[in-house]
Every structure is written in structure tokens, then in C-alpha cells.
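Novice: Sequence first, predicted model second:
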4 protein chains.
Amino acid sequence: MSSTTGTPPPSTHPHSQEGPTHWVLSLSCPDQPGIVAAVAGLLATHGGNITESQQFGDPLTGLFFMRVQVEAATSRDELQTALTTLAHEFDMTWRLDVAGRRVRTVAMVSTAAHCLHDLLFRQRSEGLPVDIVAVVSNHTALADVAAFYGIPFHHVPVTRDTKPQAEARLLELVQELDVELVVLARYMQILSDDLCRTLAGQVINIHHSFLPSFKGARPYAQAHDRGVKLIGATAHYVTGDLDEGPIIEQDVERVDHTRSVEDLVALGQDVERRALARAVRWHAEHRVLLDGHRTIVFR
Amino acid sequence: MSSTTGTPPPSTHPHSQEGPTHWVLSLSCPDQPGIVAAVAGLLATHGGNITESQQFGDPLTGLFFMRVQVEAATSRDELQTALTTLAHEFDMTWRLDVAGRRVRTVAMVSTAAHCLHDLLFRQRSEGLPVDIVAVVSNHTALADVAAFYGIPFHHVPVTRDTKPQAEARLLELVQELDVELVVLARYMQILSDDLCRTLAGQVINIHHSFLPSFKGARPYAQAHDRGVKLIGATAHYVTGDLDEGPIIEQDVERVDHTRSVEDLVALGQDVERRALARAVRWHAEHRVLLDGHRTIVFR
Amino acid sequence: MSSTTGTPPPSTHPHSQEGPTHWVLSLSCPDQPGIVAAVAGLLATHGGNITESQQFGDPLTGLFFMRVQVEAATSRDELQTALTTLAHEFDMTWRLDVAGRRVRTVAMVSTAAHCLHDLLFRQRSEGLPVDIVAVVSNHTALADVAAFYGIPFHHVPVTRDTKPQAEARLLELVQELDVELVVLARYMQILSDDLCRTLAGQVINIHHSFLPSFKGARPYAQAHDRGVKLIGATAHYVTGDLDEGPIIEQDVERVDHTRSVEDLVALGQDVERRALARAVRWHAEHRVLLDGHRTIVFR
Amino acid sequence: MSSTTGTPPPSTHPHSQEGPTHWVLSLSCPDQPGIVAAVAGLLATHGGNITESQQFGDPLTGLFFMRVQVEAATSRDELQTALTTLAHEFDMTWRLDVAGRRVRTVAMVSTAAHCLHDLLFRQRSEGLPVDIVAVVSNHTALADVAAFYGIPFHHVPVTRDTKPQAEARLLELVQELDVELVVLARYMQILSDDLCRTLAGQVINIHHSFLPSFKGARPYAQAHDRGVKLIGATAHYVTGDLDEGPIIEQDVERVDHTRSVEDLVALGQDVERRALARAVRWHAEHRVLLDGHRTIVFR
């Protein structure tokens, strides 16, 4: 078992490594004096050496957020027991994981290859800490990309009538493969409200505009028509409220009047893959915490 | 007379310099073969040496745009006569000016000083080619800034009832002072439709968001609430359709979850003044041409 | 007394405010387990509520760095006594200050106005937490800028022969005015090794290139000749080793082949003032700690 | 034949397409009045419609540069004949090509995959106008990447003793495959002076620093040691003078004190592939002209 959350109860991952020494702990709770001292004291008691630590208290929501990386020779059981007690005292939601553990991930795509290519390449060559265990697509165009990286490819077509079955198949895969994260890497289907709720906080989408500008379809065509001088992309958690999910990362690229809609699409691919790769990395490193409909990103 | 437009007929500026040798010509017309050859030929005939030249044909509107800087010992009269004939042949709208001439400008402000400071400083020290001949404000807070730079300050209060009189006073100033450009440098009043029409293409506003995100009031508060990771600013021509005028320049700055609304306002000031200063410079150098509700910017 | 350092012994500032409640504590010491717990525990014991906290352990130097903002009703004396004991145990260098206190600053300039203008404007209008108590210059060109903001202006000419006297006068001012920070805001004289040592860690310079590119004189001319596509600026602490002091902040701006050396100089002014203003803000907020010849910046 | 240069005499490419209608003409010559008019007049005479045109006169070198895209139904022979005459009159160096033609390219690599991946992906999916006809490497690590894209892979090992033979083999490939461009996509060998001269203006390298900072080996380690706050990459033409070739493009990425040398290497990969891809695109679109040891880039 490698990742442990306070509430809801810890899930068990059969693919964990035993005997880790570098932990990452993330937590949130109502703000009050003494939280940092309590957490740091607990870790010191267990021989922990804090290597990275960030906190933030949101005056608007009254919530406190913290992420700590700590080296400790202690067992997971010991840490968990101590944290469970502390969490009860401070009304904490928490998660304990091995630092650097690869998060089990499904990539969902349609026909655009750039985001998928980029994630797979970064996983293999740049230490992106995900383990993409499956590529799921409503098309077959990108089967060869998955094959090149040796990742199983699942063709799950979606029509208006078969959407419920398609989503059921996705959920099945998520459970069978013990998936922790679903990345919509330019997947051109809208997930149902039910699925969004079931996978809340576990689905990251890349929207090809600088939200909240240009919601909805064909954002580059909208951007071109409005004559903007920068185009952008937004990586966000998916919620039932389309294009309104908590934003994790945004980036932009300069354009000018000579650019056609097709040019914007091509230029946008770079921005999209950059923003998505950062969001996936930060999520997989447990750097992103939810604060209402906003995110805390401990970069 | 220093600036000459094809249609409508040339206006006369009493503050012009005689005997210039470096000209800037900007023009637009329906696209067809031979325009560049005709313009370059005309200029060569008059002994002109082209130092900078840019063209763009918009396939969507079928319009052609061109900006040429040319050194020529010829008189303005000769050039104008030749251009008038050519313009008739190609159905051109055109403008001839002395390169680098300072455009007579009014800055309108309320209480925020950063954009006014920045424009005045750049005019004095960085060669921004405007001559700010008056600062107009509905408040008195910035009178000392104007005084420091030796610019006449006009306090024109605006209430719901006195708005027509206030706008009449502004128009009067524009005429008296032979003003070519009005810059709304964080002027917190909405101009009437009539005034927008009268001064069409001559009023630049800085909007404190990345349009079309966060139109309307308190954009930084909106941006904070949405949890964006970049804040922006947009310099645009003012039209009767609020926040929908043609965009000249946009810029952004990275922010994170630790930033309060007040922080965004402070950080945004840098983005606002950068974007506004660029837009004003490009306009004053006749680099901005209108292409429907979009702009061509020959940077 | 508002700012307290562990080693060397605390200096006394007559301009301090009594009864502060928001403190900022920065410290460094050899890395070992338990530091965060000890510091957080100490603060909790004194009723402190941590609002912001950052740590970094440098594996290369074996040093640990921490910055904490904490709200506490305790007196400075109590905090200092406790910190002195803790510092002894962990071999800490530390500094305690009131968060947001304006750092007493001298700006040194020659003839270029942009950085001075920017700092003065940001101090007045953007909450830059410095109190510029004097402008010192080897020229008189910027006396009117200082006057506009009501800051005393000291003309201290420098020739090869009078340099020692000029530097003695500067040191006198630093002592008389209880100055904590000297900003070389495009001051075109090189400080002597002695002065650099005396004011070590208290002098910030803006170098008009992306160091270590283009050290020495006329960096924009060098950059132009090399045909670079981005120009930069570097804000750094001044040491006896010219252009080699610890870097605090760098920024860049895109340029192209059309830009002359003069254009680069003008464009560079924007980059210079941005980079300098950030460095000054971070220093004044005690966010910058020295780690050998590198800086830790807790942004 | 698809690409034609004025001096030296036109080379013949057997892989050309007949009957093109969209041409790109690039040229340089000593500056004098009338060049634009002469070129535009020639093109108009042949029924050409100019769709894009850029000029630049360099006051330092006295040279004039121009790039024109023109739609014309005329044959290449006719255009060439006319241009040869004009070129003689103005002492022009010129090149005529079909706009959008894919430039025949060899990619040279060692073991780092990111730049190769990126170029191959952009060629296939983003319209990068190159035809990568071979991957040459002194290692075998990237053979599978080439295979995935169906590109022949040539393993040409290099030792101190076999370097001449290895370079001879490269030249052989360049000739056999009618190669126009060689891209050093993180190829970790230095080309000999002879090879640099033979392929002058046809070899683009990506250097993993912001030149002229950090020339030579291990630039990220140098950058880390200096404590820079931005890391960069530089795409440049290769000359015998190592790291001094004309710069085509540069880009940077922000870093902070928490980044290890390994982190800089990983972050740098993004900057490197962005800068290289842009340089290759601009070269392949004939947007890059040499002006001494600097480049004109008509973007």
C-alpha cells in the first residue's frame, strides 16, 4: 500500500513498494494555531527529517493547507497510526504517500496526438511520476502511439446511445487497473455528471483556451474572431459544471494578426501540452489541494 | 500639416514641421495583384528609399494592408498628389505622416496613478512618440503628477446628471488642443455611445483583465474567485460596445493561490502599464490598422 | 527596535513600532532533523499562529533555510529570548522583524531615471515596503525626481581622486540615516572592495544584461553585436567581485534583428526596473537568504 | 527542381514538384533606393500577387534583405530568367523556392531523445516543413524512435581515431540523400572545421544554455553553480568557432533555488525542443538570412 488518505479511509494498492524512506504528507483542516508545530513535532518524534514543507492559510475559507516531504525510517503503520490520532484532534483530511511513487493513470484521447505523445514521452524520459497503464479512446487513430510505448490501447466508441455503456467500461477499467488518475488528453467527449461525481478530484482535462475565455466548442475559432493577441490553455479538474472545474495551471503564447485559425490550433498544441504536463506532474506529486472551487498548488 | 489621410480628406495640423525626409505611409484597400508594385513604384519615382515595409492580405475580409517607412526628399504636396491618384485607382484608405512625429494626446484618469506615471515617464525618457497636451480627470488626486511633468490638468467632474456636459467639455478640449489621441489611462467612467462614435479609432482604453475574460466591474475580484493562474490586461480601441472594442495588445503575469484580490490589483498594475504603453506606441507610430473588429499590428 | 538578527547582535532602530503582532522570522543553520518542529514548537508555545512558512535544505552545502510569518501577541523580548536559546542549540543565524515594516533605504543613481522613478512610484503607490530616505547621486540630473517625491537628494560627485571621500560620505549617510539597504538604481560607479565588504548583503545592484552574459561595460552593445534574440537584466547583491555577486532575480524581453543598440537600451529599461523592483521587494520582505554565492528566494 | 539560388548557381533537386503557384523568394544585396519597386514590379509583370513581404535594411552592414511570398501562374524558368537579370543589376544573392516545400533534412543525435521526438512529431502532426530522410547517431539508443516514425537510422560511431571517416560517411549521406539541412538534435560531438565550412549555413545546433552564457561543457551545471534564475537554450548555425555561430532563436524558463542540476537538465529539455523546433521551421520556410555573424529572421 503506497498512498493513504485520512478521510475517506485508506485504499490499498497492491503495487506499492515496502520500506520507503521518503514520504510526502498533504493535509488540510480548519485553521488554528499550533498545526505546524503539531505536525512537525509528530514527524520529529518518528525520526523524520523534513526536506520540503509548504503551508497556506486561506483567510476566505478559514482552511489551512500543508504539504511536507520527510525522510523517515519509520514504518507506514506507525506513521499512519500517529497521523490518524492527530487528524482526529485537528479535524484533518490527509494523505500519506511515498514521494516519487508513480501514480497509476489512464489517458483518454480522441484523434489529436500531441498531448498523448507528450505525456508518454515525459513518463519515459523526463521522470513524470505517472504510470500510464492504459490509453482509452473513442477512435483508433492513436493506437500506434500507445503501441510504440507498449501501453495497452482500449477502443471504446461513444455514440449518443452507447454513452452509458462506454462510461461503465471506463469505470470498469479504472477499477480493474487500480487507476488513481484519469487524464483527458484532448478527449473530445463530455463526461456525464454521474461519472464526474464518481471520479471527483481524479480527472484532469486540458481545455484549449485561457478559461474563462472561450468556453465551449471551437475556442481557437472564437479567439481568432475576437482578435486576441495571446492564446492560452487551461488544465483543470473535471466537474459536472463544464469548463468550470478548479484550475490547476494555465499558460499562453503570443500570436498576431497573420495567424489563421489553423495556425492558432497548431501553436496552441504547444501551450496545451505544456500546461497539461505541469498539471499532471503537480497532481502526481500531491502538490495540488482543493480549496473550494480553487486549487492550492504547492510548486 | 503633418498627417494626411486619404479618406476622409486630410486634416490640417498647425503644429506640423515642414521639410521632413522620413515618411510613414499606411494604407488599406481591397486586395488585388500589383498593389505593392504600384506603391513601391510611386515611391521610387519620387526618389524614395524604403527602410521598413510590411504587408498583410486578410483572406477573410479580402482586404490588403500596408505600412511603409520611406526616406524621400520630395515635398508633402508632391507625395500627396501622387498618392491621391493611386488611391483612387485601388480604392485605398491611406495616411501619410512624418515618421516619429509626436501624436497630440490627452490622458484621462481617475485616481490610479500607475498608467499616467508610466506614459508621462516614457514620453519624457523613453521616446514614446506622443505629446501629452492635457490630463483630464473626474478627480483631483493626480493633479500633482501632471504638474511634475508640466502638463495642464483639467478637472472635469462627472455625475449621472452632468455627464453630457463633461463629455462636451472633453470634445471642446480635443478640438481646442488639436488632439489626435485620447488615452483612457484607468479612467473609471464609461463614455457615451455618441462620444465613442465621434472619436472612433482615436480612443485607447486599458482594461484590467485578459479580455474576453472578466468583462465588467472588478475584474481582479472575478479572477481571484475563479482561481486563475495568470492575470492579464488588454489595451483596445473604445467602441460603443463596452469591452468589445478591437484589441491592440494583451499581456499576462503569473499568480498563485497565495495572492489576495489586493495583491492581484497591485501585480496587475505592471501588466496594465506595459500593455497600455505598447498599444499607445504602436498607435502613435501608425502601426495599428483596423480590419473589421480586429487589428493589424505591424510591429 | 524592529529588526533583530541572531549573529551579529541585534541592531537598534529608533524608528521601530512597538506592539506588533505579525512577525517574520528568517533563519539558517546546519541541516539536521527536528528544526521545523523546534521552531514551530517555540512559536506555538508563545501563542503564535503561522500564516506562511517555507523551508529548504540544500544538499550541496548541508545548510537549512527557513522563513516563517507568524501572528503572535507576545512581546519582542520574549520571542528574542526564546529564539536566542534555540539558535544556540541549532547553531542558527536568524533575524526577527515586523512583517511589512518598511526597510530604510538609500537609492544611488547617476543620470538614468527609469529605475529611480519606478522604485519611488512603487513605494508610494504599490506598497513596496521600503522607506527611501535619501537619493544619492554623482550627478544632479535626477534631483527633480527626488524633489517630486519629497526625498532629500545628496549630490556626491566622484572622481578618481575623490572616490574615497565620496564613499566615506555615503557611509556617513548610511549611519546617520540608519540605512539598512542601498540600491544601486543604475549608479554608474564601481564601489570599492572595502565598501562592498562593509555593506555586504545590504547593497543590491541592477546589471543591464542577463548575467553571466555580457559582463562589463556597454552590455547592450555587446548583446547587439552577438545578435541575441532575448535581452535581460540581473538584480544581484554587490560583492568585491564585480558582476559575480549572488543573483536575486533575472528577467528577459524578446528582441529581433530590427532593433538598434539604442532600441535595446530603451527596451532594456523595462526589464531592468521590473527585475530590480522584485529583488528589492523580496529583500525588504526578508525573503532572500544567502547560501554561499547563491540565493534562496522564498517567494 | 524546387529551390533556386542566385549565387552560387542553382542546384537541381530531383524531388521537386512541377507547376507550383505559391513561391517564396528571399534575397539580399547592397542597399540602394528602388529595390522593393524593382522586385515588386518584376513579380507584377509575371502576374504575381504578393501575399507576404518583409524587408530590412541594416544600417551597420549597408545590406538590404527581403523575403516575398507570391502567388503566380508563371513557370519557374520564366521567373528565374527574370530574377537572374535583376540580380545582376542589384548585385543580389537570391533563392527561389516553392512555399511550403519540405526541406530534406538529416537529424543527428546521441542518446537524448527529446529533440528528436519533438522534430519527428512536429513533422508528422504539426506541419513542420521538413522531410527527415535519415537519423544519424554515434549511439544506437534512439534507433527505436526512428523506427517508430519509419525513418532510416544510421549508426555512425565516432572515436578520436575514426572521426574523419565518420564525417566522410555523413557527407556521403548528405549527397546521396540530397540533404539540404542537418539538425544537431543534441548530438554530442563537435564537427570539424572542414565539415563546418563544407556545410556552412546548412547545419543548425541546439546549445543547452542562453548563449553567450555557459559556453562549453555541462552548461546546466555551470548555470546551477552561478545560481541563475532563468535557464535558456540557443539554436544557432554551426561554424568552426564553437558556440559562436549566428543565433537563430533563444528561449528561457524560470527556475529557483530548489532545483538541482538534474532538475535543470529536465526543465531545459522543454526549452531546448521549443527553441530548436522554431529555428528549424523558420530556416525551412526560408525566413532566416545571414547578415554577417547575425541573423535576420522574418517571422
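Specialist: Cool, got the structure.

Novice: only C-alpha atoms for contact and neighbour calcs from this point on.
Specialist: Noted.

Novice: now check the lengthiest helix in chain A, is it near chain B?
Specialist: Of all segments of type helix in chain A, defined using DSSP state H, the longest is helix A:261-284. No - Helix A:261-284 does not reach chain B (CA under 8 Å from any CA of the partner chain); its nearest approach is 10.8 Å.

Novice: what residues does that helix touch?
Specialist: A:102-103, A:114-115, A:118-119, A:128-130, A:183, A:185, A:204-208, A:220-221, A:224, A:231-236, A:248-253, A:255, A:288, A:297, A:299, D:126 (CA atoms under 8 Å, 6 or more residues apart in numbering or on different chains).

Novice: go again using 7 Å as the cut-off
Specialist: Contacts to helix A:261-284, defined as CA atoms under 7 Å, 6 or more residues apart in numbering or on different chains, come from residues A:103, A:114-115, A:118-119, A:128-130, A:206, A:208, A:220-221, A:224, A:231-235, A:248-253, A:288, D:126.

Novice: Enumerate the residues of the stretch 101-250 of chain A near chain B.
Specialist: A:212-213, A:226-230, A:247, A:249-250 (CA under 7 Å from any CA of the partner chain).

Novice: again, only using 10 Å
Specialist: A:210-214, A:223-230, A:234, A:244-250 (CA under 10 Å from any CA of the partner chain).

Novice: Now list the buried members of these.
Specialist: A:210-214, A:223-224, A:226-230, A:234, A:244-250 (16 or more other CA atoms under 10 Å in any protein chain shown).

Novice: Measure how buried A:Pro33 is and give me the count.
Specialist: When neighbours are counted by other CA atoms under 10 Å in any protein chain shown, A:Pro33 registers 18.

Novice: so what's it closest to, chain neighbours aside?
Specialist: C:Asn49 (4.3 Å; CA to CA, 6 or more residues apart in numbering or on different chains).

Novice: A:Leu120 and chain D, how far apart?
Specialist: 11 Å (CA to the nearest CA, to the nearest Å).

Novice: Any idea how many residues pack against the closest residue to A:Ala112 other than its chain neighbours?
Specialist: Excluding the flanking residues, the one nearest A:Ala112 by CA to CA, 6+ apart is A:Arg186, at 6.5 Å. When neighbours are defined as other CA under 10 Å, A:Arg186 has 23 of them.

Novice: What are the phi and psi values at A:Arg186?
Specialist: Torsion angles at A:Arg186 (phi, psi; degrees, to the nearest 10) stand at phi 70, psi 50.

Novice: Can you classify A:Ala223 by secondary structure?
Specialist: Reduced to three states with DSSP: H, G, I helix; E, B strand; the rest coil, the structure at A:Ala223 is helix.

Novice: Ok, A:Ile231 next?
Specialist: Going by three-state DSSP: A:Ile231 is strand.

Novice: now do A:Trp23
Specialist: When classified by three-state DSSP, A:Trp23 comes out as strand.

Novice: List the residues that contact the residue of the stretch 101-250 of chain A found nearest chain D.
Specialist: Nearest residue of the stretch 101-250 of chain A to chain D: A:Glu126, at 6.0 Å (CA to the nearest CA). Residues in contact with A:Glu126 (CA atoms under 10 Å, 6 or more residues apart in numbering or on different chains) are A:119-120, D:114, D:263, D:265-267, D:269-270.

Novice: Next: A:Gly62.
Specialist: Neighbouring residues of A:Gly62 by CA under 10 Å, 6+ apart: A:29-32, A:291.
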